[in-house]
Structures are given as C-alpha cells and as structure tokens.
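A.B. asks: Requesting a structural model of the entry that follows:
(one chain, ligands or ions: 1)
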Amino acid sequence: MSSEPVTGTEPASEPAPQAALAQQPFESGCDASSPNRNLAPISSGLDAEGRLVVGGCRLSDLARTYGTPLYVLDEATLRSSCRAYRDALAASYPGPSLALYASKANSSLAITALVAQEGLGLDAVSAGELLTALGGGMPPERIVLHGNNKSPEELALAAQAGVTVVLDNWRDIELLSALAPSLAQPVRLMLRFTPGIECHTHEYIRTGHLDSKFGFDPEQLPQVLGHLASCSWARLTGLHAHIGSQIFELQPHHDLAGVMADALAQARGHGHPVSDLNVGGGLGIRYVASDDPPTIQAWVSTVAGALAAACRERGLDLPRLLCEPGRSLVATAGVTVYELGSRKAIPGLRTYLSVDGGMSDNPRPITYQSQYTALLVDRPTAEASETVTVAGKHCESGDVLLPEIALPPATSGDLLAVFATGAYNASMASNYNRIPRPAAVLVHEGQAELVQRREQPEDLLRYDVLPARLTPVI
Ligand code: PLP
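C.D. replies: Presented below is the predicted three-dimensional model:
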C-alpha cells in the first residue's frame, strides 16, 4: 500500500477513521487474566463483516489512512499491563514499590507519557532514550540511566537532570567524579552487579560469576562500596540486577531476591543509605499459542514474596521494590499491519508470500528466530487452508517473518496483521536497504492518533554528505 508522504506541517494527530465500532469478541488465544498472556491486544475484535478491529479502529482503515507497514499500538493494553504491575506490587509487597518501564522495548514520547500517567517510572540506556523520557513528561526522579559504556555527556545529562545513575563499572565512577565539581548536589546512584543467575528463557543456571558485559562482579562489591563511601558527590541509594529476557520460569526470580538481600545487607554495612532494590525485568510474553508465560500477577507475587521473606530472614528493613519490565508491558499492545505483494510458489517445496516490510521493522525473527502469530486483516476467521512462508522485502534470504503459517488463500493487496510486535520491533528497527521506518499510531476507543511519522526515502539522504570533488558534473 502506498504511504502518504508526511510533511512537517501535518498535524501530529489525524481525525479518527470512524467512531468506535461495535465489536464482536475475537477468539485469538486471549487470556483475560493478564495482558502478557494474550496473543492480540485486549481491545481486539471483529466488526459486523468479520474484519479485524483494534482499539475500536478497523485495521484496514488504518492501513488506508496511514499506509503500511504500520505499527498499531493499543492504549488499553498498555495501560492495563501498567496497572497489572502497579496493582500486583501494591497487593503483594508489604513495603513501597515502583515499576519502571524499560524503554529499550519501545521508546517514544507517546509511550513515555502513557506510562508516566499510569504512575510508572522509566529505565533509559542512552541520551536518546533519556531525552525521550524527559520530553514525554517522565519526572526525573522516576528515571534511571543504565549502560555499560555511558559517555561523559550522557552522565552529565542524567546527573544535571536529577536522574538516578546506575553504576555499571569503574569508568562510570571515574567520569562522575570528574563531573562532581560542576554538580549542585550529590548524584543518586544505583549499583548494578551480576547476581550469578543466568537464564536462557526455559532454563537457568547459578554460577559464582557471569560472563556478562554488564555490572560489577559480586567479588568487587566490597571494594566499590568502600570507595563510594569516601565520595562526597555520591549518594548510593539502590542496588540493581537483571537476569535475562523472555523468561517463563519463576524460580530464578525467586532466587534473585535472596542474592539481592545479601547485597543489601553488605551495602548497608558499609553505611550506604540503600533504600531501593531493583530486580530488573525479564518476564516473557505469549508470541504463539504454545507459549505459556506466568501472569504479571504471578511474577510480581513471586518476586515480592521472596524479597520480603529474604529481608525478614536477614533482619533487614524492607527496601522499596523496583522492577524494570519492558516486553511484558508493551509487546502485546502492538500489531504490525503489512500489505502482501508478490507470491512465489515452488512446487513441492514452499510458497513465499512477501510483505512490504520485514527485517528492518522487525529484526527479531532473523536475529533470534522468534516466532509470531498473524491473521489476514479482512478475513481473520476464514479457513486457513494454505501453508505459506511470509517473507520480507529485504535483500537477505533469511528475511522471513513467519517461516510457516496457515492462512486463507491470500493475494497481492491483502493485509496481514502480525501480533505482539509492540516490544523490540520499532526500537530495534533499521534502515537496511534504505527502507524507511514505518509510522506508528496509537488507537483507543475508535480514535487513532499518529505518534511516529513515517520516514520517507528522501529522509534517508539527510545525513549523507557528497564531497564536492565527487559531485557529478552535468
Ligand atoms: N532491565 C535491563 C537492565 C535490561 O537489560 C532489560 C532487557 O533486557 C530490561 C530491563 C527489560 O527486560 P524485558 O523487556 O525482558 O522485561
């Protein structure tokens, strides 16, 4: 589908394609108990003709208005997952708590504004994510800055804005001490260490040390804690550990609580006023029907119960419990709509259907062999009688979004909705083959608002410089 050029004068939001549609329920592996267990956004449904609707908007209308590929983000799902974390923390942890959105999952002004409204904080990893967080209205005291190789400029930006800096290594400490004379007040710090718990989605191991580029080795903690106690510019108020991503097991998170409580005792023993323990993110989501992640409530209740018990056993005052979910907050809120183009049938082997996007808007399948679920936008319930391979349009044989999927017979011009694309798609998108990044729209109760303009091919030339001696002479 051709996409309308978006000029600088275009309003940031556009009229809704229609009022909220009357919707029929939509059976697509939805599990009302927790948004991270749904395959599709919680506001998904079918209109009277059986076409896919999300947030009260027909996906085919959105594709016509905004072009394809199109990232569609359902506000209700995002708000509901924020509330699930917030409410579960309040219900299952006896002390104070705060969920921070790991904005690496999908960083934008609109998402920041929504999670800030829901009372969450935010984890940023670069000046870009930090500026997006501040620009989207996230209060600096609810932001933490991560990174295993922060630049002096990133550290200065964070320290001057009053953002908590997560110390990852000695270089962070050196750079911050150099900045100290220019700072009006001590820098709030969190210390990241490797907890010796390694997760690979469906299994985990416990080791003394971890081969990880992130954080201090646990054996270094006494030295770091001793050093920080002598730094007048430093105020160490938190400890952090993160064990992995797309994790379905609860036991590693349970075990992490004990490791962190030990570190808390150690840090307080050095006289640091540590009030925050940040247990990272990592809860998995359902990408395909066979995925069976725990609910947000089960994850939070495990973490909260284990931490409260570990502190009780060690006679420690309860810290504030922080966690940093990314994927489980935003993945299921996202759907990507593509237009199908060419078909190549190789008799006896396979049939390729190509879409107008691929690895540049969703690098997860080619990078991690990630699986997805998809439906035809206007015939989601028609008999899926043909098994096809859905390929992207990039010049790479591995650019395949869905290696094997049963669909109703589909032709060029049909629209395909790929579900659970809200995390690590837009944020990991590239311009490979000089393909522009898609637009993103936020949908809610029949309203659609543009939250990310579509790049145009001409935009991709903006940073090219052609030396004068190479300029063609006409
Ligand atoms: N915190 C840190 C430090 C991370 O590295 C990540 C991602 O890997 C997250 C939080 C978010 O993880 P997830 O999206 O799996 O919840």
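A.B. asks: all helices of this structure, in order?
C.D. replies: Listed in chain order, the helices of the chain (DSSP state H) span 59-66, 75-92, 109-117, 127-135, 152-161, 170-179, 221-229, 251-269, 296-314, 327-330, 364-368.
A.B. asks: tell me the mean pLDDT over the biggest strand by length in the chain?
C.D. replies: Determined from DSSP state E, the single longest strand within the chain is strand 334-346. The predicted model assigns strand 334-346 a mean pLDDT of 98.
A.B. asks: Adjacent strands (with direction) for that strand?
C.D. replies: strand 70-74 (antiparallel), strand 350-355 (antiparallel), strand 415-419 (antiparallel) (DSSP bridges).
A.B. asks: possible to save those strands as JSON lines with mean pLDDT and mean neighbour count?
C.D. replies: Any C-beta I mention is one placed from the backbone N, CA and C, and that applies to glycine too. JSON lines is the format used below for the strands paired with strand 334-346 (pLDDT from 0 to 100; neighbours: other C-beta atoms under 10 Å):
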{"stretch": "strand 70-74", "mean pLDDT": "98", "mean neighbour count": "28"}
{"stretch": "strand 350-355", "mean pLDDT": "98", "mean neighbour count": "19"}
{"stretch": "strand 415-419", "mean pLDDT": "98", "mean neighbour count": "25"}
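A.B. asks: Figure out which of the ones you listed is closest to the ligand.
C.D. replies: strand 70-74 (16.0 Å; C-beta to the nearest ligand atom).
A.B. asks: Need the winner for burial among the helices of the chain.
C.D. replies: Burial of these is given as mean neighbour count (mean count of other C-beta atoms under 10 Å); helix 327-330 ranks first at a mean of 31.
A.B. asks: Kindly export that helix (C-alpha atoms) in CSV.
C.D. replies: Extracted C-alpha coordinates of helix 327-330, given in CSV (Å, rounded to 0.1, in the frame of the first residue of the first chain):
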residue,chain,number,x,y,z
ARG,A,327,8.4,-6.7,26.9
SER,A,328,5.6,-7.7,29.2
LEU,A,329,4.4,-4.1,29.4
VAL,A,330,4.3,-3.2,25.7
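A.B. asks: other SSEs contacting it?
C.D. replies: Judged by 3 or more C-beta pairs under 8 Å, 6 or more residues apart in numbering; DSSP states H and E, the packing partners of helix 327-330 are helix 75-92, strand 97-102.
A.B. asks: nearest to the ligand, of these?
C.D. replies: Using C-beta to the nearest ligand atom, these put strand 97-102 closest to the ligand, at 3.5 Å.
A.B. asks: In its sheet, which strands sit next to that closest one, and in what direction?
C.D. replies: Using DSSP bridges, the strands paired with strand 97-102 are strand 121-124 (parallel), strand 320-323 (parallel).
A.B. asks: one step back: I'd like the strands paired with strand 334-346 as JSON lines, with distance to A261 appended.
C.D. replies: Shown next, in JSON lines, are those (distance: least, C-beta to C-beta, whole Å):
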{"stretch": "strand 70-74", "distance to A261": "37"}
{"stretch": "strand 350-355", "distance to A261": "48"}
{"stretch": "strand 415-419", "distance to A261": "38"}
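A.B. asks: Which among the ones you listed is found nearest to H253?
C.D. replies: Distance to H253, taken as C-beta to C-beta, is lowest for strand 415-419 among those, at 25.8 Å.
A.B. asks: A156 versus the spatially closest residue to V330 that is not a sequence neighbour, what's the distance?
C.D. replies: Nearest non-adjacent residue to V330, counting by C-beta to C-beta, 6 or more residues apart in numbering: G422, 4.4 Å away. Using C-beta to C-beta, to the nearest Å, we find G422 at a distance of 32 Å from A156.
A.B. asks: again, but for S92
C.D. replies: Separation of S92 from A156 (C-beta to C-beta) stands at 38 Å.
A.B. asks: same deal with D211?
C.D. replies: Distance of D211 to A156, given as C-beta to C-beta: 31 Å.
A.B. asks: and the longest strand of the chain, anywhere near the ligand?
C.D. replies: No. Judged by C-beta under 6 Å from any ligand atom, strand 334-346 makes no contact with the ligand; its nearest approach is 13.1 Å.
A.B. asks: just use 16 as the starting number from now, easier for me
C.D. replies: Fine by me, first position is 16 from now on; the one you just mentioned is strand 349-361.
A.B. asks: Show me which helix or strand of this protein is least confident by mean pLDDT.
C.D. replies: Using mean pLDDT, DSSP states H and E, the weakest-scoring helix or strand in the chain turns out to be strand 219-221, at a mean of 64.
A.B. asks: Spell out which residues of the stretch 16-165 of the chain are next to the ligand.
C.D. replies: Checking the stretch 16-165 of the chain against the ligand by C-beta under 6 Å from any ligand atom, the hits are 117, 120, 138, 161.
A.B. asks: Now render these as a markdown table, adding pLDDT, neighbour count and distance to Y100.
C.D. replies: Converted to a markdown table, those look like this (pLDDT from 0 to 100; neighbours: other C-beta atoms under 10 Å; distance: C-beta to C-beta, whole Å):
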| residue | pLDDT | neighbour count | distance to Y100 |
| --- | --- | --- | --- |
| A117 | 98 | 29 | 12 |
| A120 | 98 | 26 | 13 |
| D138 | 98 | 28 | 13 |
| H161 | 98 | 26 | 19 |
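A.B. asks: now, the most widely separated pair of the residues you listed?
C.D. replies: Greatest spatial distance among those (C-beta to C-beta): A120 and H161, at 13.0 Å.
A.B. asks: What residues does the residue of the stretch 166-315 of the chain found nearest the ligand make contact with?
C.D. replies: In the stretch 166-315 of the chain, the residue that lies nearest the ligand is G296 (2.7 Å; C-beta to the nearest ligand atom). Contact partners of G296, counting by C-beta atoms under 8 Å, 6 or more residues apart in numbering, are 117, 257, 260, 338-343.
A.B. asks: go on, S400?
C.D. replies: Neighbouring residues of S400 by C-beta under 8 Å, 6+ apart: 421, 423-424.
A.B. asks: which of these are buried?
C.D. replies: The neighbour-count criterion (16 or more other C-beta atoms under 10 Å) marks P423 among the contacts of S400 as buried.
A.B. asks: Tell me the one of the contacts of S400 nearest the ligand?
C.D. replies: Nearest to the ligand among those is A421, at 29.1 Å by C-beta to the nearest ligand atom.
A.B. asks: ok, the nearest residue to D291 once chain neighbours are set aside - how many residues close by?
C.D. replies: Excluding its sequence neighbours, the residue lying closest to D291 (C-beta to C-beta, 6+ apart) is G253, at 3.4 Å. Per other C-beta atoms under 10 Å, the neighbour tally for G253 reads 26.
A.B. asks: Near the ligand, which residues of the stretch 316-465 of the chain are found?
C.D. replies: Contact residues (C-beta under 6 Å from any ligand atom) of the stretch 316-465 of the chain with the ligand: 339-343.
A.B. asks: repeat that for 8 Å
C.D. replies: The stretch 316-465 of the chain comes close to the ligand at residues 339-344, 438-439, as judged by C-beta under 8 Å from any ligand atom.
A.B. asks: wait, which of those residues is closest to L481?
C.D. replies: So of those, ranked by how close each gets to L481 (C-beta to C-beta), first place is Y439, at 34.4 Å.
A.B. asks: Could you list the low-pLDDT ranges of the stretch 66-215 of the chain?
C.D. replies: 215 (pLDDT under 70).
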